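Trainee: missing the sequence, but the structure's below:
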């Protein structure tokens with residue numbers, strides 16, 4: 001008969017006792033039998049991934065603790081002040097912004113709208129919101145991400161910051177590096193497959209249009 005790790009069996013029993021449940025009640029809660037719980041606690045059978053997930057979900061258990069014994073037994077719940085959601089700002093997604101070759105122009109019509117709590121924004125308005133196109137800022141910023149850029153960067157040390165720029169070719173998102181000795185400006189991609197862009201003080205075709213404030217990444221979308 002296959003033996004499971006004794007530590008998992010002990011933690012299952014400790015969890016059940018912490019919740020003041022007998023084996024029948026515990027089994028009913030997670031949709032299995034009392035016999036199965038008995039097998040788990042006696043190290044005679046290993047709980048499936050589905051059973052472990054149900055235990056974590058139904059009892060708010062820290063799955064990492066259940067599997068390894070590390071961390072707290074239960075998930076820590078952080079209270080959220082309801083005012084966090086009540087004060088929001090609605091921002092138009094004005095264009096795609098290049099993380100690669102610059103995008104030529106801003107869209108005449110917004111690509112969509114984004115409504116978020118103001119408290120998520122660190123820099124002052126006004127803002128420009130873009131959808132990222134390209135991979136030059138991987139791994140930090142990915143194709144399809146939404147970025148919100150502040151147009152007010154007063155009193156900010158900008159060298160080393162990620163910013164939106166307008167160039168002769170269009171708009172792009174890059175990390176800024178200022179070299180005061182040579183009086184040059186570098187736009188640096190984070191992906192080393194792309195080359196930095198160099199501008200001198202005499203070139204007028206480079207304009208900073210926004211300081212990156214917030215990155216939003218949709219996941220599990222079709």
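Mentor: Now that the structure is in, tell me what you want to look at. It should be emphasised that the depicted structure is a prediction, and the values quoted were computed from it without experimental measurement.

Trainee: care to break this structure down by domain?
Mentor: The chain resolves into domains spanning 6-68, 83-216 when parsed by automatic domain parsing.

Trainee: what about the shortest one, distance to the chain center?
Mentor: I take that to be domain 6-68. Relative to its chain's centre, domain 6-68 lies at 31 Å (CA atoms, centre = their mean, to the nearest Å).

Trainee: Ok, the longest one next?
Mentor: The chain centroid and the centroid of domain 83-216 are separated by 17 Å, computed with CA atoms, centre = their mean.

Trainee: so residue 99 sits right up against residue 140, yeah?
Mentor: No - applying CB atoms under 8 Å, one finds residue 99 not in contact with residue 140, separated by 9.8 Å. Any C-beta I mention is one placed from the backbone N, CA and C, and that applies to glycine too.

Trainee: Neighbour count: those two, which is higher?
Mentor: residue 99 (27 against 13; other CB atoms under 10 Å).

Trainee: Determine the longest helix present in this structure.
Mentor: With DSSP state H setting the assignment, residue counts place helix 6-18 as the longest helix in the chain.

Trainee: Please identify the pairing partners of the one helix or strand residue 198 maps to and their relative orientation?
Mentor: Per DSSP states H and E, residue 198 falls inside strand 197-200. Applying DSSP bridges to the sheet, strand 197-200 is found paired with strand 184-188 (antiparallel).

Trainee: Give the buried residues for the strand it pairs with.
Mentor: Neighbour-count burial for strand 184-188 flags 185-188 (criterion: 16 or more other CB atoms under 10 Å).

Trainee: Run through the protein and note the low-pLDDT ranges.
Mentor: For the chain, applying pLDDT under 70 flags the ranges 1-6, 77-85, 100-108, 201-204, 220-222.

Trainee: Okay, helices next: where are they in it?
Mentor: Taking DSSP H, the helices of the chain run over residues 6-18, 23-30, 34-41, 49-59, 63-68, 83-86.

Trainee: which residues are contacting the longest one?
Mentor: Right, the one you point to is helix 6-18. 22-23, 26, 37, 40-43, 46-47, 55, 59, 61, 65-67, 69, 73 (CB atoms under 8 Å, 6 or more residues apart in numbering).
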